[in-house]
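1. how would this look folded up:
(one chain, ligands or ions: 1)
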Amino acid sequence: MKIQPFLPEDISRVRHFADQEIGVGYYTEIELIENQKKSVNKDGEISSFLLIDEDSDQVKGLRLAYPPGNWIHGKGSAQREDLWPFKKNETAYFQSLFLSSDVQAKGWGPKLSQMSIDQFKKNKVKGIATHSWKESPHNSSVRYLEKVGFETIIEHPLYWVNVDYVCTRDGKPCRCTAVEMYLKL
Ligand SMILES: CC(C)(COP(=O)(O)OP(=O)(O)OC[C@H]1O[C@@H](n2cnc3c(N)ncnc32)[C@H](O)[C@@H]1OP(=O)(O)O)[C@@H](O)C(=O)NCCC(=O)NCCS
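-> Model prediction:
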């Protein structure tokens, strides 16, 4: 397995991965092109990463992370930035972190995230906001975020209900809850 920055040439295999692991239609090709661009800071550094199986060359994991100034809000519109310790223009955003089921619970999620965190720290970013998936198996989403130091701000029921995709848990619409969390760097 290797970790590498998310590049424009990865768009189509990342879309295939997202359809399989997140839910069909969660990310359109156009959205992924935008998300890749949002991952690049003014110095050309990329803060989103892929986990790649070197044998098959398949994508096994995706960590989308955007520097301050490159994002407005997550997939849902609910966001309590008035409760965050730092302003939005000082805050990076962790969008999605997904791993294929065969590589979950082996520490790859925290490793991918640490690559983004290290880069934000180097660039003196003050904090990272995220919307974590409360219903993830074994509460793994909130658990891994707490492990790297994120704290819960507030919960948003039905956060993804207006996103036009097929949720792997609920089908359509998604009735899952987002836990808004924040990490001070
Ligand atoms: C959430 C996720 C990114 C965490 O990455 P990871 O590499 O599996 O993280 P870790 O190996 O540190 O595991 C974190 C905890 O979750 C548990 N866990 C992870 N995947 C699990 C699974 N499929 N079933 C049960 N437990 C699981 C681990 O055992 C560990 O438990 P512990 O805190 O008791 O040690 C990854 O499991 C994943 O992609 N899950 C499905 C999608 C998801 O929930 N994404 C987050 C959306 S916001």
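2. Quick check: the residue of this protein nearest the ligand.
-> Proximity of the chain to the ligand (C-beta to the nearest ligand atom) peaks at Gly109, 2.2 Å away. In this view, the C-beta of every residue, glycine as well, is placed from N, C-alpha and C.
3. Tell me the span between the first and last residue of stretch 38-45.
-> One end of stretch 38-45 sits 11 Å from the other (C-alpha to C-alpha, to the nearest Å).
4. try stretch 167-175
-> End-to-end span of stretch 167-175 (C-alpha to C-alpha): 9 Å.
5. now stretch 61-81
-> For stretch 61-81, the end-to-end distance is 28 Å (C-alpha to C-alpha).
6. can it be found next to the ligand?
-> No - counting by C-beta under 6 Å from any ligand atom, the ligand has no neighbours in stretch 61-81; the shortest distance is 7.2 Å.
7. The residue of the chain closest to the ligand belongs to a helix?
-> Yes - per DSSP: H, G, I helix; E, B strand; the rest coil, Gly109 lies within a helix segment.
8. Run through who's touching the helix or strand of the chain with the lowest mean pLDDT.
-> When each helix and strand of the chain is scored by mean pLDDT, DSSP states H and E, helix 140-147 comes last, with a mean of 91. The contact list for helix 140-147 (C-beta atoms under 8 Å, 6 or more residues apart in numbering) reads 97, 104-105, 109-110, 113, 130, 132-134, 136, 152, 179, 181, 183.
9. Next, the buried residues of it.
-> Across helix 140-147, burial judged by 16 or more other C-beta atoms under 10 Å covers Ser141, Val142, Tyr144, Leu145.
10. That one close to the ligand?
-> Yes - looking at helix 140-147 against the ligand by C-beta under 6 Å from any ligand atom, the contacts come from Ser140, Ser141, Arg143, Tyr144.
11. So which residues on the protein come close to the ligand?
-> 97-99, 104-110, 132-133, 136-138, 140-141, 143-144.
12. Out of the residues you listed, which end up buried?
-> The neighbour-count criterion (16+ other C-beta under 10 Å) marks Leu97, Phe98, Leu99, Gln104, Trp108, Gly109, Ser132, Trp133, Ser136, Ser141, Tyr144 among these as buried.
13. just curious, which of these is nearest to Lys75?
-> Trp133 (10.7 Å; C-beta to C-beta).
14. give me every residue that touches the closest one.
-> Ser141, Cys176, Ala178, Val179.
15. Rebuild the residues you listed as a markdown table, extending it with secondary structure.
-> Below are the contacts of Trp133 laid out as a markdown table (three-state DSSP):
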| residue | secondary structure |
| --- | --- |
| Ser141 | helix |
| Cys176 | coil |
| Ala178 | strand |
| Val179 | strand |
